[in-house]
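Undergrad: This is a predicted model, with the sequence first.
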Number of protein chains: 4
Amino acid sequence: MSVRIAIVGAGIMGADHARIVSEDLPGAILQVVCDASSERARHVAESSGATDVATDPVETIRRNDVDAVLIASPDETHAPLSLAAIEAGKPVLCEKPLSQSSKECLGVIEAEVARGRQFVQLGFMRRFDPSYRSMKASLDDGSLGRPIMMHNFHRNVEAPANFTGQMAITNSAPHEFDVARFVLGADYSAISAFQPTGVDASQTGAPVFMVLETDKGQLVNIEINNNAAYGYDVRGELVGEKGSIFLNAPVSTRQNGALMAFERYAPDWRPRFAEAYRLQNKAFLHFVRTGEFPAGASDAWDGYCAALVAEAGVEALQKGERITIAGAEKPSLYNR
Amino acid sequence: MSVRIAIVGAGIMGADHARIVSEDLPGAILQVVCDASSERARHVAESSGATDVATDPVETIRRNDVDAVLIASPDETHAPLSLAAIEAGKPVLCEKPLSQSSKECLGVIEAEVARGRQFVQLGFMRRFDPSYRSMKASLDDGSLGRPIMMHNFHRNVEAPANFTGQMAITNSAPHEFDVARFVLGADYSAISAFQPTGVDASQTGAPVFMVLETDKGQLVNIEINNNAAYGYDVRGELVGEKGSIFLNAPVSTRQNGALMAFERYAPDWRPRFAEAYRLQNKAFLHFVRTGEFPAGASDAWDGYCAALVAEAGVEALQKGERITIAGAEKPSLYNR
Amino acid sequence: MSVRIAIVGAGIMGADHARIVSEDLPGAILQVVCDASSERARHVAESSGATDVATDPVETIRRNDVDAVLIASPDETHAPLSLAAIEAGKPVLCEKPLSQSSKECLGVIEAEVARGRQFVQLGFMRRFDPSYRSMKASLDDGSLGRPIMMHNFHRNVEAPANFTGQMAITNSAPHEFDVARFVLGADYSAISAFQPTGVDASQTGAPVFMVLETDKGQLVNIEINNNAAYGYDVRGELVGEKGSIFLNAPVSTRQNGALMAFERYAPDWRPRFAEAYRLQNKAFLHFVRTGEFPAGASDAWDGYCAALVAEAGVEALQKGERITIAGAEKPSLYNR
Amino acid sequence: MSVRIAIVGAGIMGADHARIVSEDLPGAILQVVCDASSERARHVAESSGATDVATDPVETIRRNDVDAVLIASPDETHAPLSLAAIEAGKPVLCEKPLSQSSKECLGVIEAEVARGRQFVQLGFMRRFDPSYRSMKASLDDGSLGRPIMMHNFHRNVEAPANFTGQMAITNSAPHEFDVARFVLGADYSAISAFQPTGVDASQTGAPVFMVLETDKGQLVNIEINNNAAYGYDVRGELVGEKGSIFLNAPVSTRQNGALMAFERYAPDWRPRFAEAYRLQNKAFLHFVRTGEFPAGASDAWDGYCAALVAEAGVEALQKGERITIAGAEKPSLYNR
């Protein structure tokens, strides 16, 4: 039997997920596309061959002909809609963040704990990226020795208008927070944040540099630079006691021309992480079918941890101080 | 309605196709796996969730519950089974080569011409590889200028026993013959072949170097080195009047250790071309559904051209002479 | 007339300088090699064809047949011997550091100011490295836009015994402090220091990570990792508003073997910076001959600045706090 | 005592050599610059601090205050002036080619044999390039296994007017002929030549592709592409039974900008081989002083071998046939 999926939210991410479900996810049927704008829902439904459209997300989640939900609506709806899916007893793949509020994340966690099982797979898709997987494998095979430091660089061509340095921490950095935690298998204990002041003050998207410390004594450094101008570029290096390892971005050719050898950057994140999204969504389908939470995928607890460190990062930036991080007790449900 | 696929041949390639069909090809059902060894068929069927198994390929092709055929049986069966599929009026994705005999290829072409449409998509999967596609795009966007030369390097870790220099031309080189023809949009007019003699004469898999000339006046150089020892490595460079472009292999990380910075090679071809196979098979599914032959895919005529140049290459190697190539007239059916 | 040079200190660095002077510095004569150990002095003198040997550094500096001095003796002698050279009115190329004490550096500066000219060229040879020069040129040609951040990574194979994290700041980091100041044309205003604690506590050479802020509002991040194990590796990236630029190390070949493509690291710093030393010493010879201080070379003031930030870095590490840096007034003599 | 050098020929190469002798060659004095144009001679002499100028090359070679000669005059004068230097008993560093005529090369060889010693070091400077040296070392250390093939690519931005395909073989390819012979330690036994015909026929500098066979059974492939447009680019790969090795060009930085990561090419050969020239000239100075011919340097016999294969290459191109190569007996003087 095919799994009938509802996509809630028909913006850029929702349209991408609709394409993946319809073209690259055998065993899945895109049953309904739901968006506050029925026009937007219809547009995505048509281009992806979805069966139906809707405008009410909670009703959509509760439909009898929907087996699982994919949430790609605005950030502030992620937690409430995840709660609705949990209540309906349906697995949900929720785009990051679960919530920018760690407290609201705890609400989702409580709901899962009350039901005694996990429903929410969180869309930190980088955990499925072959580069991060290969990086993690180099820890497992011992070739790096024990990890000491991780350097992470996140660069976008141009920040949206009104994208502040604080938003660099709350909206961009969570991908880095989560994937470094995933690679290292550690939790954050402190964060410091720095901001260059020499750049054009009229620009939004001011870069932020953070130094995080983990409970295993490692350092995690993160540059968020949303006005990097030259291309979408995510870099990373994991440094161990015996060696280090870099992420490679997929680049299919190298060209010579005009006194240069060059490789191209894409202007946005989709080509870089296309395979990660595909593999993440395959893992979600497996989760829906078997009830087994996918190995390596992020869950509600990971969403809480990301929100917690982002809150501390904002405080560190505002106070110009190192902020220690102490979270809630981890429920045993999440000890996978 | 899902497309019901029969896979004929349950060896390495058949098993790979079974995995792709069952895991990565939405809208397809793996209806039956056929192999002369019922045990081998059953093994692949089980691991891929196929509905049924069989041992007779022609009967399998004719089954009413089979919409399309994927041929991965031994090379000498490719043409006869393709003919059986054409006779049954079913689209077929046939692994390369169509035949090592250009004459036998013409037989398949005649059958298609007689039916007035194409049935055979040939498995030169490199045409779907993002690197070759990007190389071809650099011609289309004008950034390379007109193409002058193409350098191609094909290296395997170790040749199978009894794999001769002649087999390098007939069994390994066709991928290079075809993809260079595809990238350049040209046909071969002559071939010269050279063989280093300084290597260990007891080794099978002696390397061959070929220089081909096209009807557009370009040179295509091909190294086939099946005992390259160090890894599976396919390289290529297209040289135009304004610049040149190299294929990049997908490599997800770069590691530092033991006084080296290193990137790993896989021991065989599958990781290098995994995405090409997936995209090729998606294109085949689209072909089955719509009847439109997929843009850029190789067909029976391309199989004929590859066989023709391989025959000339063997002659060039044996005689130590430049051999001119003159093929049959191309039927209009293949003017896509 | 040839310039007659005395080398004071016949250890590793002194021997290297002797080789450069004798083999690659036209117009220079290695007049005398001086070392507390006459045996060591004789050994270096013989292998480099020096005319004479000596054991007393101050007498050596004062000799009538010595035109210029190259100081490569132990760190604590650098400032006193530089003062002796100033007193003797002779140009001196002094290995870094001028002194680990910023106060002692000020003493050398006062002596130069009193004489009304510069005598001391400091051995921060990276300023002559083609990679850093190219990085700086990308600022000058405008292709990077205004600089925002600089990331610096310094890795050695193995730290000497008893090499503490503090020594990472006082002995290794000054190269990074100086060259980032040189590239950015800025001065440091604050420093924070972090140390991973998860590594083997019995190891010396614990890594240190520093975040520096400049008076132009840029961030300069420095990793010092003297137990990096895998090779000598100095990396750097300068990030500007329009793009970024990486240092490339000189690596003459890339090899395939054993399922890897690899490039080799040297086990120590000399191959990486061989050309920088040669160009630095050529610049010194030009300084001796013309009296014009070489463009881009580091001087006593730069030595003071490096000592000042290292002192602040040690304090930042000890206190776990961000330390602001405020130096002395820069004498006009150093406004080049 | 300093070695007094005369440079004959004050064009681009002569000026470069004058700069190297005056700036980077300790123990050498640039005694005289000789050119048919006294103005050109004076211009180079002034910028390099040469003692004297002259217009008659043979008289210059014979001067009592000249110890050694560096020939950088037009190609057709190389052999006659080398003979004059041999007659005068003076070591000579002669720019390539010794002569385009293998017969004229034999004349120089006879003169050396008659004197019972070598005088002529030939300017195939690539033998001193660290990349080719590293390539050769990978054969010596056994990591490549026995060599099978070598691929060589020579690309210039733009050919001079009237630079024909034949001149690609006689003027550009000799560097490749010589360095491949040097790396492989083998002699050529046959050559085939191919020319793409699809390029703009009005262009000079038509590319040539050659396949050479050695007496050790290896293949040496050479692309000469003097209108490559995109930059000066010399590439090479040596393929052995266990692995392969590529030349890296020295590139000091890698930059990000305008949706690209790029490394720059120089428009001509000088930056690529600057270090090779410097090391070659140092080796020549050592030759002058000691009389020992420098290890690895090319000599008159190597010049003969390069001329011989170029002559065969021209014949192969004209006839469209594989041409076998059989040279004279090698005098024992050249068995180094």
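TA: Now that the structure is in, tell me what you want to look at.
Undergrad: Isn't residue A:116 up against residue A:333?
TA: Yes - using C-beta atoms under 8 Å, residue A:116 is in contact with residue A:333, at 7.4 Å. C-betas here are computed from N, CA, C, even on glycine.
Undergrad: More neighbours: which of these two?
TA: Taking other C-beta atoms under 10 Å in any protein chain shown, residue A:116 and residue A:333 do not tie; residue A:333 has more neighbours (17 against 7).
Undergrad: so what's the more buried one up against?
TA: A:112, A:113, A:116, A:117, A:118 (C-beta atoms under 8 Å, 6 or more residues apart in numbering or on different chains).
Undergrad: And for residue A:254?
TA: Applying C-beta under 8 Å, 6+ apart, the residues near residue A:254 are A:261, A:262, A:263, B:245, B:246, B:248.
Undergrad: again, only this time at 7 Å
TA: A:261, A:263, B:246, B:248 (C-beta atoms under 7 Å, 6 or more residues apart in numbering or on different chains).
Undergrad: so can I have TSV of those showing distance to residue B:65 and neighbour count?
TA: Converted to TSV, these look like this (distance: C-beta to C-beta, whole Å; neighbours: other C-beta atoms under 10 Å in any protein chain shown):
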residue	distance to residue B:65	neighbour count
A:261	54	23
A:263	48	19
B:246	46	18
B:248	43	17
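Undergrad: ok, of these, which one's closest to residue C:47?
TA: Nearest to residue C:47 out of these is residue A:261 (C-beta to C-beta; 41.3 Å).
Undergrad: Please identify the helix or strand for the residue lying closest to that closest one once chain neighbours are set aside.
TA: Excluding the flanking residues, the one nearest residue A:261 by C-beta to C-beta, 6 or more residues apart in numbering or on different chains is residue D:263, at 5.0 Å. Here residue D:263 sits within strand D:260-264, counting by DSSP states H and E.
Undergrad: and that strand, which strands flank it?
TA: strand A:260-264 (antiparallel), strand D:253-257 (antiparallel) (DSSP bridges).
Undergrad: At the contact with chain B, which residues of the stretch 151-300 of chain A appear?
TA: Neighbours of chain B within the stretch 151-300 of chain A, by C-beta under 7 Å from any C-beta of the partner chain: A:242-248, A:250-257.
Undergrad: mind running it again at 8 Å?
TA: A:242-248, A:250-258, A:263, A:282 (C-beta under 8 Å from any C-beta of the partner chain).
Undergrad: Buried ones among those residues?
TA: Buried subset of those (neighbour count, 16 or more other C-beta atoms under 10 Å in any protein chain shown): A:242-248, A:250-257, A:263, A:282.
Undergrad: Need the pLDDT of residue A:26.
TA: Reported pLDDT at residue A:26 in the predicted model: 89.
Undergrad: Now do the helices in chain A.
TA: Along chain A, the segments classed as helices by DSSP state H run A:12-24, A:38-48, A:57-62, A:78-88, A:102-115, A:130-140, A:165-167, A:173-184, A:270-290, A:300-319.
Undergrad: so which of these comes closest to residue D:37?
TA: helix A:270-290 (58.3 Å).
Undergrad: Which strands or helices does the closest one pack on?
TA: Packing partners of helix A:270-290 (3 or more C-beta pairs under 8 Å, 6 or more residues apart in numbering or on different chains; DSSP states H and E): strand A:3-8, helix A:12-24, strand A:68-71, strand A:92-94, strand A:120-122.
Undergrad: Can you pull out the low-pLDDT segments for chain A?
TA: A:199-203 (pLDDT under 70).
Undergrad: Can you pull the phi/psi pair for the residue nearest the centre of chain A?
TA: Residue closest to the average C-alpha location in chain A (C-alpha atoms, centre = their mean): residue A:124, at 2.6 Å. Dihedral pair for residue A:124: phi -80, psi 80, per degrees, to the nearest 10.
Undergrad: Look up how far chain B lies from it.
TA: 18 Å (C-beta to the nearest C-beta, to the nearest Å).
Undergrad: residues touching that residue, list them.
TA: Applying C-beta under 8 Å, 6+ apart to residue A:124 gives the contacts A:96, A:174, A:175, A:178, A:179, A:182, A:298, A:302, A:306.
Undergrad: Return the residues in contact with the residue nearest to the first one when sequence neighbours are not counted.
TA: I take that to be residue A:96. In this structure, residue A:96 finds its nearest non-sequential neighbour in residue A:123, 5.0 Å apart by C-beta to C-beta, 6+ apart. Neighbouring residues of residue A:123 by C-beta under 8 Å, 6+ apart: A:93, A:94, A:95, A:96, A:280, A:298.
Undergrad: any idea how far residue A:123 is from chain D?
TA: For residue A:123, the distance to chain D equals 26 Å [C-beta to the nearest C-beta].
Undergrad: now do residue A:52
TA: 39 Å.
Undergrad: ok, so what distance separates that residue from residue A:33?
TA: 8 Å (C-beta to C-beta, to the nearest Å).
Undergrad: thought residue A:99 was touching residue A:80?
TA: No - taking contacts as C-beta under 8 Å, residue A:99 lies outside contact range of residue A:80: 9.1 Å.
Undergrad: so residue A:184 touches residue A:147, yeah?
TA: Yes - Residue A:184 is in contact with residue A:147 according to C-beta under 8 Å; the separation is 5.7 Å.
Undergrad: more neighbours, those two?
TA: Between residue A:184 and residue A:147, residue A:147 has the larger neighbour count (other C-beta under 10 Å), namely 30 against 21.
Undergrad: Which residue, neighbours along the chain excluded, lies closest to that one?
TA: residue A:240 (5.0 Å).
Undergrad: Which residues are in contact with the one you found?
TA: A:138, A:139, A:144, A:145, A:146, A:147, A:148.
Undergrad: Not counting its neighbours along the chain, what's nearest the second one?
TA: Meaning residue A:139. Per C-beta to C-beta, 6+ apart, closest to residue A:139 is residue A:147, 6.1 Å.
Undergrad: if I look at that neighbour, how far off is residue A:336?
TA: 21 Å.
Undergrad: try residue A:53
TA: Distance, residue A:53 to residue A:336, using C-beta to C-beta: 36 Å.
Undergrad: So for the two, which sits in the more crowded spot?
TA: With neighbours defined as other C-beta under 10 Å, residue A:53 and residue A:336 compare such that residue A:53 has more, 20 against 12.
Undergrad: so residue A:108 touches residue A:300, yeah?
TA: Yes - between residue A:108 and residue A:300 there is a contact at 4.8 Å, judged by C-beta under 8 Å.
Undergrad: picking that back up, which one of residue A:99 and residue A:80 has more residues nearby?
TA: For residue A:99 versus residue A:80, the count of surrounding residues by other C-beta under 10 Å is larger for residue A:99: 25 against 17.
Undergrad: Now for the nearest residue to the more buried one once chain neighbours are set aside, how many residues are close by?
TA: Spatial nearest neighbour of residue A:99, excluding adjacent residues (C-beta to C-beta, 6+ apart): residue A:79 at 4.2 Å. Neighbourhood size, residue A:79 [other C-beta under 10 Å]: 27.
Undergrad: residues contacting residue A:79?
TA: Going by C-beta under 8 Å, 6+ apart, residue A:79 touches A:98, A:99, A:101, A:104, A:105, A:107, A:108.
Undergrad: ok, and the most crowded of those residues?
TA: Most neighbours among those, by other C-beta under 10 Å: residue A:98, with 32 neighbours.
Undergrad: Apart from its neighbours in sequence, what residue is nearest it?
TA: Per C-beta to C-beta, 6+ apart, closest to residue A:98 is residue A:303, 2.9 Å.
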